[in-house]
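[1] Could you look at this predicted model? Sequence included:
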Amino acid sequence: MNAKPVPTELLTPGADGRFGEFGGRFVPETLVPACEELERAFTDAWSDSLFRTELDDLLREYAGRPSILTECHNLGAQLGIRLILKREDLNHTGSHKINSVLGQALLAKRMGKKRIIAETGAGQHGVASATAAALLGLECKVYMGAVDVERQSLNVFRMKLLGATVEAANSGSRTLKDAVNEAMRDWVASVETSYYCIGSVMGPHPYPFMVRQFQSVIGREARKQFQQMCDGADPNVVVACVGGGSNAMGIFSGFIDAKTRLIGVEPAGGAAVGRGTPGVVHGMKSYLMQDEYGQVQEAHSISAGLDYPGVGPEHSYLASVGRAEYPSVNDQEVIEGFKLLARTEGIIPALECAHAVAWIAKESPKIQGQTVLMNLSGRGDKDVAQMMTILGNELD
Amino acid sequence: MKNAAHNHGILESRLRQLRSDGRKILVPYITGGLTGWLDAIRGAAASGADAIEIGIPFSDPVMDGPIIQMASEKALRDGATPNSILHELRTVDVDVPLIVMCYYNTVFRAGHDRFANSLRDCGVVAAIVPDLPLEESSIWATAADSAKIETVMLAAPTAPDERLPRVVERARGFVYAVGLLGVTGERTELATTAVAMATRLKKITDIPVLVGVGVSNAEQAKQACSVADGVIQGASVVRRLLEEGVDSVAQYVAEVRTAIDSSLVSKR
């Protein structure tokens, strides 16, 4: 057997913040002490049973964990597979983002910060941040690309309703990447009083590691629940969509040592792993869509949450060692996936998750008879207005 | 105070000489690729600049405020690339050292050695990479050292006392004292952190200490120079180039020159 050795456990990055060659801490000098402080605070909190209990209580009594598994009997039969969903869409605020945000907001309070800053694409992380801030008595400022403010106006209103300030990012492509830039600029100016609540497994060390730890609750629950449902077996395939990649890292983390294929589905217009090359932006070294001079290219995706030209460094690592695969689907396939899950199962997925549905539908002839666990990381309510514009006449 | 252990490069030698001549150092920043940028360099050099910092525009400049962001976007839209900027820089014959400011992905994408060599070949003597902190800097610093490119390190107000000496140790050319908590851009007043930062650094090093970020006009430059060896003027220069053109840049540099020179006269 000469098969390439594949990691069977999750990496804990050392002081250099690396997953293999990826990750690191490429931030302006002003932010280095803040990242170091955060690393110490997180390490301390994560090993403190009081902190963990407080977080677990919030996840259970506020966010509604554990989230259930739902077997898709209709769609499974139609595709010739056994399809099971991890229902992160049923969490409070409608997505997996709440898992990390509750952890980070508790940590912010523990560090004595009064204000949190967040970036958001589709608005799910912004809504979750605004929610946690309201609950824990923190001030909250959310940066959102001007294009996304337009296409996700409902979430903008929700954030404001929750007491957050929303600021449109008008620079560059005016989407998620630029919202991150604006949030980082705010953080450089307010670092002594503010906590930057990053929405995905991205950014400078310790964020990719820390957010993965907070999201790993998805994978831990799902492994156990799946085994209970399927006579102790693990799924053949675990599928999740990938923008920055926090919902995917959350569910992958539970199956890293299983004989399970891990599939992260990227949008064709934002396929950082699939089409990118290593680069450094937003504090991390990772795969990145960029031109020959290292200018970051604009992503184009129907879903604001995946409209990001980079990806979390741990995904770059898992791709580079062959532990996870990162195929992509195009916007048309996503629209079909969105309709497919709605019509066959009565579940309207977030457009982000419709990427995972689309890949499963496309791939189904090759995985006949297999068990597939998909992370349904968010619900589609936020996307209904946008889909009404796209599909309006077609549905009449 | 610790004396620098490294050999002084072209930039550092020049700045040390100016300092011992009793002159405060003035470094204007100009975004490469903007309309008129080469003439702005010539004008600044003729109006009293001691060195000139040239920004290579990047798509995601997280240390920059609205003015330099706007300039970067405009230069990129007009087709500027690192190669085109360095190529055009060869045509500039001025008697002051040229420093490049670029974000790390520009270096990383080009390759460390290749980028360092291309800077040297185009007459650049130093580089500032604002998103490459000390802990990540070793690969670049090694490549830069062997190409004789001086790597300027930034020192920020958030750095605890134990950190500053390590940053200073790795600095070549000068130490860039970040004047405030925040990104580049003009402010109505000089932040108290500007002089405080210069004071902290002057206590621990004899490398020239220049304050930048938020030093917004002649008066503020003079204030910063009460302690610092000099100043970097970014957004205030770039805004003039964007809004008023090349002549305005030269006039402004002359105005700041006069202000910081007068501070020396009045001190004596």
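    That came through, no problem. Numbers count the residues shown, from 1 in each chain, chains lettered A, B, ... in the order given.
[2] which stretches of chain B have low pLDDT?
    For chain B, residues meeting the criterion pLDDT under 70 lie at B:1-4, B:265-268.
[3] Recalculate using a threshold of 50.
    Residues of chain B that meet the criterion pLDDT under 50 lie in B:268.
[4] Those residues of it touching chain A, which are they?
    B:58-63, B:65, B:69, B:73, B:76, B:81-83, B:104-106, B:108-110, B:130-136, B:153-160, B:163, B:167, B:178, B:181-183 (Cβ under 8 Å from any Cβ of the partner chain). (Glycine included, C-beta is placed from N, CA and C.)
[5] Just after the top helix by length along chain A, pick out the following helix or strand.
    Secondary structure assigned by DSSP state H gives helix A:207-229 as the longest helix of chain A. Beyond helix A:207-229 on the C-terminal side, the first helix or strand identified by DSSP states H and E is strand A:237-241.
[6] next structured bit after that next one?
    Taking DSSP H and E, what comes next after strand A:237-241 is helix A:246-252.
[7] can you give me the helices for the stretch 1-150 of chain B?
    Taking DSSP state H, counting those that start in this stretch as the criterion, the stretch 1-150 of chain B contains helices spanning B:10-20, B:37-46, B:66-77, B:82-89, B:104-110, B:112-121, B:138-146.
[8] Relative to residue A:76, which of those is closest?
    Residue A:76 lies closest to helix B:104-110 among those, at 43.9 Å (Cβ to Cβ).
[9] As CSV, could you dump the C-alpha coordinates of that closest one?
    In CSV, the C-alpha atoms belonging to helix B:104-110 read as follows (Å, rounded to 0.1, in the frame of the first residue of the first chain):
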residue,chain,number,x,y,z
TYR,B,104,2.6,41.4,1.5
ASN,B,105,0.6,39.5,-1.1
THR,B,106,2.4,41.6,-3.8
VAL,B,107,5.7,40.3,-2.5
PHE,B,108,4.5,36.7,-1.9
ARG,B,109,3.0,36.4,-5.3
ALA,B,110,6.1,37.7,-7.1
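[10] Could you list every helix and strand in contact with that helix?
    strand A:277-281, helix B:112-121 (3 or more Cβ pairs under 8 Å, 6 or more residues apart in numbering or on different chains; DSSP states H and E).
[11] Now for residue B:52: which residues touch it?
    Residues in contact with residue B:52 (Cβ atoms under 8 Å, 6 or more residues apart in numbering or on different chains) are B:27-30, B:41, B:44-45, B:94, B:96-99.
[12] Select from those residues the one having the most neighbours.
    Among the contacts of residue B:52, residue B:28 has the most neighbours (other Cβ atoms under 10 Å in any protein chain shown), with 32 neighbours.
[13] Least confident secondary structure element in chain A?
    In chain A, the helix or strand scored least confidently by mean pLDDT, DSSP states H and E is helix A:384-395, which has a mean of 87.
[14] Next, count neighbours for residue 20.
    I went with chain A, as the question did not name one. Neighbour count of residue A:20, defined by other Cβ under 10 Å: 16.
[15] Please refer instead to chain B.
    Residue B:20: 8 neighbours (other Cβ under 10 Å).
[16] what's the answer for residue A:393, then?
    If you count neighbours by other Cβ under 10 Å, residue A:393 ends up with 6.
[17] centroid residue for the chain?
    You didn't pick a chain, so chain A it is. residue A:246 (3.0 Å; Cα atoms, centre = their mean).
[18] nope, chain B please
    residue B:53 (4.8 Å).
[19] For the stretch 151-268 of chain B, which segments count as strands?
    B:175-178, B:209-212, B:230-233 (DSSP state E, counting those that start in this stretch).
[20] Let me know whether residue B:89 touches residue B:42 as I believe.
    No. Taking Cβ atoms under 8 Å as the definition, residue B:89 is not a contact partner of residue B:42, at 11.7 Å.
[21] Now whatever residue of the stretch 51-200 of chain B ends up closest to chain A: closest residue in space, sequence neighbours ignored.
    Residue nearest to chain A within the stretch 51-200 of chain B (Cβ to the nearest Cβ): residue B:109, separated by 3.1 Å. Closest residue to residue B:109 in three dimensions, ignoring its sequence neighbours and counting by Cβ to Cβ, 6 or more residues apart in numbering or on different chains: residue A:294, at 3.1 Å.
[22] Tell me how many other residues surround the one you found.
    Neighbour tally, residue A:294, other Cβ under 10 Å: 26.
[23] From the contact counts, what lies against the least confident helix or strand of chain A?
    Using 3+ Cβ pairs under 8 Å, 6+ apart: helix A:384-395 touches helix A:331-345.
[24] Any regions of chain A where pLDDT drops low?
    Judged by pLDDT under 50, chain A has its weakly predicted residues at A:1-2.
[25] near chain B, which residues of it?
    Close to chain B, as judged by Cβ under 8 Å from any Cβ, chain A has residues A:16, A:24-34, A:171-172, A:177-178, A:181, A:184-185, A:188-192, A:278-283, A:285, A:288, A:290, A:292-296.
[26] doesn't residue A:288 make contact with the residue of the stretch 51-200 of chain B closest to chain A?
    No. Counting by Cβ under 8 Å, residue A:288 is not a contact partner of residue B:109; they are 9.3 Å apart.
[27] what touches both of those two?
    residue A:279.
[28] Show me which of these two is the more surrounded one.
    Set side by side, residue B:109 and residue A:288 show more neighbours around residue A:288, with 26 against 21, by other Cβ under 10 Å.
[29] Against residue B:252, how distant is the residue nearest to the more buried one when sequence neighbours are not counted?
    Once flanking residues are discounted, residue A:288 sits nearest to residue A:279: 3.4 Å by Cβ to Cβ, 6+ apart. According to Cβ to Cβ, to the nearest Å, residue A:279 stands 36 Å off from residue B:252.
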